[in-house]
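Chemist: Would you be able to build a 3D model of this:
(one chain, ligands or ions: 1)
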Amino acid sequence: MVDYRREGNVAILTVNNPPVNAISTRVKDGIYECISRAKNDTKVSVIVIHGHGKHFIAGADIHGFSGQRESSKVVATLPEVIAFMEASNKPIVAAIHGTALGGGLEIAMGCHYRIATKSARVGQPEVLIGILPGAGGTQRLPRLCGLGPALDLISTGRHIKAPQALKLGIIDKIVSDDILKEGIAFAKAVIDKPLNGRRISTLPVKDAENAEQLISAANASVRKRQRGMMAPIWNIKAVAESIKLPFDEAMEKEAEYFTVLVTSSQARALQYAFFSERLAPKWEVPGVASYNTVKPMNIKTAAVIGAGTMGTGIAMALLNARIPVTLVEQNKQFLEKGVKMIQDLYAGSVRLGKLTADQAKYLLSNLKTSLSYDDLSTVDCVIEAVYENMALKKEIFAKLDNACKPSAVLCSNTSSLDIDEIASATKRPDKVIGTHFFVPAYYMRLLENVRGKLTSPETIATVQSLGVRIGKIPVVVGNCDSFVGNRMLGTYTSEAQFLLEEGALPHEVDSVIKDFGIPIGAFEVSDLSGLDIGWRIRKERYEKLEKSGKKHDPNARFINGERFSPLGDTLCEKGRFGRKTGMGWYRYEKPGAKEPFIDAEITTLLEDYSKKHNITRRKISPQEIFERCFYPLINEGFKVLEDGIATRPEDIDVIWINGYGWPKYTGGPMYYANQIGLDKIYDTMCYYYEQHPTSSHWRPSALLRDLAKQQLPISQWGKQVASRL
Ligand SMILES: CCCCCCCCCCCCC/C=C/C(=O)SCCNC(=O)CCNC(=O)[C@H](O)C(C)(C)COP(=O)(O)OP(=O)(O)OC[C@H]1O[C@@H](n2cnc3c(N)ncnc32)[C@H](O)[C@@H]1OP(=O)(O)O
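Modeler: From the prediction side, this is the model:
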């Protein structure tokens with residue numbers, strides 16, 4: 001775990017704990033033992049610590065926070081090991097490459113010098129997994145780089161690159177990539193230098209005179225950007241102790257606050273989410289294939305069909321990963337508009353300093369445009385991103401099948417349509433797959449990859465690996481109406497509208513949703529994306545119904561015996577399409593304005609509606625709103641598992657956290673359900689099913705019923721899920 005060797009008078013400690021040199025108990029013990037050995041070795045004058053593999057040390061081992069810690073051979077805790085390092089009379093140099101994160105940076109700050117390669121990154125990301133830098137980070141970082149930057153880094157958890165770390169004084173020098181050689185050379189040069197000013201715990205905090213202002217600004221930023229999360233608040237509180245108390249006393253406070261956080265349900269949920277996100281790319285189709293049995297194809301070039309918001313966003317996601325893209329449209333004007341959108345977004349990134357002008361120019365140089373599928377004969381992968389219309393998609397896939405080489409993978413960015421039917425338009429259904437991106441596609445991290453009945457494991461492996469390459473979290477799901485995310489969402493939006501029919505107002509429903517931690521309410525999001533989109537899809541369905549001989553009544557509150565709310569259609573008929581028309585479920589100052597206002601016209605419309613349908617309006621409690629919005633959604637998640645559409649609860653949680661704004665600190669809907677208690681969810685589902693028998697989303701899932709009896713942790717649901725497939 002930690003190797004010790006001596007080269008002349010330099011002791012070299014190599015941390016070797018793949019994949020990221022996380023600090024397990026054995027690593028902590030190993031560092032302590034090796035430092036002791038070097039301190040006692042009379043031939044050693046200076047010590048270098050570095051990491052084997054890709055990283056220096058990426059932090060404490062996160063597995064250890066949920067109670068599976070190994071027993072320690074030495075009594076010292078990590079903060080004590082770091083204090084022991086700092087007290088050494090032989091200089092210690094941290095030679096950093098890859099990352100020094102969390103406890104890794106804390107160890108580096110216990111050293112007397114820190115050097116790093118140019119590409120190295122440092123940070124205190126503990127807040128992102130619900131804890132705080134509990135090994136002195138909250139006390140040493142403000143002494144090293146100043147209170148303001150320390151508050152920023154510790155409360156946001158962001159990583160910074162070596163050049164910025166150098167400017168902030170976190171590292172002493174940027175060196176070449178031969179980090180160990182550089183570390184040894186640097187160590188030899190500092191052997192005789194006095195260590196007094198190099199022990200960070202003995203230094204005063206920088207910027208302490210502006211403390212009050214800096215701390216209240218940090219708290220204000222947390223309230224705005226990390227609403228509902230407890231860790232940022234406690235992190236700030238811990239850093240603030242650095243200006244109130246002497247180092248040792250502040251360290252006691254740090255330990256106290258660390259204990260509060262590490263035992264919190266938010267920390268457990270965030271750590272579950274951390275590992276779930278890393279599990280997602282490791283797909284598995286039970287009994288068929290998995291990520292470690294199939295090799296992906298190498299995608300060297302790609303094409304995107306459709307230059308609208310979705311198509312251009314997908315093209316940018318590919319370009320950002322240095323994949324050359326051909327963007328195809330049917331008419332020149334649309335194509336030019338799409339290219340302009342991409343150019344403008346890159347220009348914006350240059351203005352914000354996120355890209356240099358040269359980088360933007362390079363990315364754009366990989367973009368080709370075309371009005372013909374004939375130009376796609378050599379691309380490895382095509383992603384179709386036209387609007388949701390089955391006939392159109394089938395026509396495009398038939399053309400792509402003729403134009404593209406036989407090995408090319410053909411993807412559809414559909415959010416709901418049947419992948420098998422799309423694939424049936426080709427002679428290569430094994431190479432057809434759904435790749436459901438989320439808006440804006442160049443930014444949102446979720447990629448829902450939808451396998452059809454005939455999609456080959458190689459095709460699944462290819463889009464999963466492509467997803468990782470373009471910086472997404474790819475999740476494999478099965479083919480059904482609306483897949484996983486939108487299928488579960490459907491229950492939530494339906495129930496939100498039923499609540500309006502019965503007495504609630506849009507802002508009342510939205511505020512319960514936002515209080516839970518979802519950044520935007522159901523009706524606010526409907527206004528944002530435009531009510532007309534759903535209306536167009538519903539009108540197509542009504543037409544289909546009519547073709548099959550069933551007349552659609554615009555006032556109908558039931559379709560095929562299922563409760564249905566025509567309220568959305570009513571609003572659209574009045575031209576209330578949402579923000580773009582200045583009115584939807586809310587009123588806006590003008591078309592395109594962002595701030596929603598409660599609209600008296602909507603209140604009257606709802607009251608008239610209820611009267612017309614003989615519904616007695618009543619005051620609906622926040623608890624009922626909460627249960628009716630979220631419990632059917634959770635229940636649908638269990639049905640999704642039951643049907644084999646998702647194969648792991650973790651995948652559903654990743655989808656909801658990264659695609660729909662579900663608060664990460666609750667772990668996602670499946671994890672959250674386990675926290676509430678599956679028996680409670682099941683009983684509540686049964687209660688509401690009795691009240692609302694015409695809404696099948698209240699029918700409790702059989703898997704939920706069975707798991708509710710067993711009270712298993714989520715990590716053990718797997719066997720129950722697998723036994724049903
Ligand atoms: C009175 C009470 C007294 C109490 C006394 C107190 C004593 C105790 C105090 C202890 C205080 C400790 C304080 C320190 C806390 C921490 O350090 S928490 C951890 C902080 N670090 C992080 O959060 C880093 C997390 N990792 C990453 O950001 C990324 O993994 C990466 C390092 C940037 C690499 O990214 P990438 O190359 O994309 O690879 P990944 O896929 O993300 O990861 C690869 C595999 O590594 C696993 N992994 C990564 N980090 C960790 C980790 N810290 N612990 C465990 N495992 C980790 C990751 O899961 C991947 O695994 P596989 O999926 O199995 O491949």
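Chemist: Enumerate the residues of the stretch 301-450 of the chain near the ligand.
Modeler: For the stretch 301-450 of the chain, no residue is in contact with the ligand (Cβ under 6 Å from any ligand atom). For the C-beta atoms, the positions are set from N, CA and C on the backbone; glycine is no exception.
Chemist: Of all residues in the stretch 301-450 of the chain, which one is closest to the ligand?
Modeler: Arg445 (12.3 Å; Cβ to the nearest ligand atom).
Chemist: Hmm, that residue is touching Ile655, no?
Modeler: No - with contact defined as Cβ atoms under 8 Å, Arg445 does not reach Ile655; the gap is 10.7 Å.
Chemist: Could you check which of those two is surrounded by more residues?
Modeler: The residue with more neighbours, out of Arg445 and Ile655, is Ile655; 30 against 15, by other Cβ atoms under 10 Å.
Chemist: Three-state assignment for the more buried one, please.
Modeler: Applying DSSP: H, G, I helix; E, B strand; the rest coil to Ile655 yields a three-state assignment of helix.
Chemist: ok, for it, nearest residue in space, not its chain neighbours?
Modeler: Excluding the flanking residues, the one nearest Ile655 by Cβ to Cβ, 6 or more residues apart in numbering is Gly485, at 4.8 Å.
Chemist: In contact with that neighbour, which residues are there?
Modeler: By Cβ atoms under 8 Å, 6 or more residues apart in numbering, the residues touching Gly485 are 436, 446, 448, 655-656, 659-660.
Chemist: Starting from the ligand, give me the distance back to it.
Modeler: Separation of Gly485 from the ligand (Cβ to the nearest ligand atom, to the nearest Å): 22 Å.
Chemist: residues from this protein in reach of the ligand?
Modeler: 19-20, 22, 58-63, 77-79, 99, 101-103, 125-126, 129, 133-135, 255, 258-259, 275, 278.
Chemist: Counting neighbours, which of those end up buried?
Modeler: 20, 22, 58-62, 78-79, 99, 101-103, 125-126, 129, 133-135, 258 (16 or more other Cβ atoms under 10 Å).
Chemist: so Glu241 makes contact with Leu132?
Modeler: No - in this structure, Glu241 is not within contact of Leu132 by Cβ under 8 Å, at 11.1 Å.
Chemist: hey, what's in contact with both of the two?
Modeler: Common neighbours of Glu241 and Leu132, using Cβ under 8 Å, 6+ apart, are 138, 254.
Chemist: Just want to know which of those two has more residues nearby.
Modeler: Neighbours per residue (other Cβ under 10 Å) separate Glu241 from Leu132, with Leu132 holding more: 28 against 20.
Chemist: Secondary structure class of the more buried one, three-state.
Modeler: coil.
Chemist: Who are the contact partners of it?
Modeler: Counting by Cβ under 8 Å, 6+ apart, Leu132 has contacts 126, 138, 154, 231, 234-235, 238, 254, 257-258, 261.
Chemist: can you tell me which of those lies nearest to the ligand?
Modeler: So of the contacts of Leu132, ranked by how close each gets to the ligand (Cβ to the nearest ligand atom), first place is Glu126, at 4.7 Å.
Chemist: The closest one contacts Ala135, doesn't it?
Modeler: No - taking Cβ under 8 Å as the definition, Glu126 is not a contact partner of Ala135, at 9.7 Å.
Chemist: what about Ile233, how many neighbours?
Modeler: Ile233, neighbours per other Cβ under 10 Å, totals 18.
Chemist: Just give the closest residue to it, not the sequence neighbours.
Modeler: Ile233 sits nearest to Val222 (Cβ to Cβ, 6+ apart), 6.2 Å away.
Chemist: count of residues packed around the one you found?
Modeler: Val222 has 20 nearby residues by other Cβ under 10 Å.
Chemist: Name all residues that make contact with it.
Modeler: So Val222 contacts 155, 229, 232-233, 236 (Cβ under 8 Å, 6+ apart).
Chemist: Mind telling me what element it is part of?
Modeler: Remark: Val222 resides in helix 211-225, with elements defined by DSSP states H and E.
Chemist: Show me what the helix or strand that that helix is followed by is packed up against.
Modeler: Later in the chain than helix 211-225, the nearest helix or strand by DSSP H and E is helix 231-244. For helix 231-244, the packing partners by 3 or more Cβ pairs under 8 Å, 6 or more residues apart in numbering; DSSP states H and E come out as helix 137-145, helix 147-156, helix 211-225, helix 247-262, helix 265-279.
Chemist: swap the cut-off to 7 Å and go again
Modeler: Secondary-structure packing of helix 231-244 (3 or more Cβ pairs under 7 Å, 6 or more residues apart in numbering; DSSP states H and E): helix 137-145, helix 147-156, helix 211-225, helix 247-262.
Chemist: so which of these gets nearest Ser201?
Modeler: Ranking these by distance to Ser201, with Cβ to Cβ as the measure, places helix 247-262 first at 4.7 Å.
Chemist: For the contacts of Leu132, work out which two are farthest apart.
Modeler: Going by Cβ to Cβ, the pair spanning the contacts of Leu132 furthest: Ala231 and Glu254, at 13.5 Å.
Chemist: check contacts around the closest residue to Met670 other than its chain neighbours.
Modeler: Spatial nearest neighbour of Met670, chain neighbours left out: Pro649 (3.8 Å); criterion: Cβ to Cβ, 6+ apart. Counting by Cβ atoms under 7 Å, 6 or more residues apart in numbering, Pro649 touches 641, 670, 714, 717.
Chemist: Check what contacts the helix or strand hosting the second one and list those residues.
Modeler: Assigned by DSSP H and E, Met670 falls within helix 669-676. By Cβ under 7 Å, 6+ apart, the surrounding residues in contact with helix 669-676 are 265, 269, 272, 633-634, 637, 649, 652-653, 656, 662, 666, 681, 714.
Chemist: Could you rerun that using 6 Å?
Modeler: For helix 669-676, the external contacting residues (Cβ atoms under 6 Å, 6 or more residues apart in numbering) are 272, 634, 637, 649, 652-653, 656, 666, 681, 714.
Chemist: That helix: what's the following helix or strand?
Modeler: helix 678-691.
Chemist: Report all helices and strands that the helix or strand following that following helix contacts.
Modeler: Next along the chain after helix 678-691, taking DSSP H and E as the criterion, comes helix 702-710. On a contact count with 3 or more Cβ pairs under 6 Å, 6 or more residues apart in numbering; DSSP states H and E, helix 702-710 meets helix 622-642, helix 678-691.
Chemist: on that earlier part again, distance from the chain centre to the helix holding Val222, please.
Modeler: 24 Å (Cα atoms, centre = their mean, to the nearest Å).
Chemist: Now that helix: buried residues?
Modeler: Residues of helix 211-225 classed as buried: 211, 214-215, 218-219, 221-222 (neighbour count, 16+ other Cβ under 10 Å).
Chemist: Repeat that for stretch 148-162.
Modeler: By neighbour count on 16+ other Cβ under 10 Å, the buried set for stretch 148-162 is 148-157, 159-160, 162.
Chemist: which one of these sits closest to Val44?
Modeler: Ala162 (27.5 Å).
Chemist: Contacts only, for whichever residue of the stretch 351-500 of the chain sits closest to the ligand.
Modeler: The nearest approach of the stretch 351-500 of the chain to the ligand comes at Val468, 8.6 Å away (Cβ to the nearest ligand atom). Val468 makes contact with Pro281, according to Cβ under 6 Å, 6+ apart.
Chemist: and after the helix or strand where it lies, which helix or strand comes next?
Modeler: Assessed by DSSP H and E, Val468 sits inside helix 457-469. With elements assigned by DSSP H and E, the helix or strand that comes after helix 457-469 is strand 473-478.
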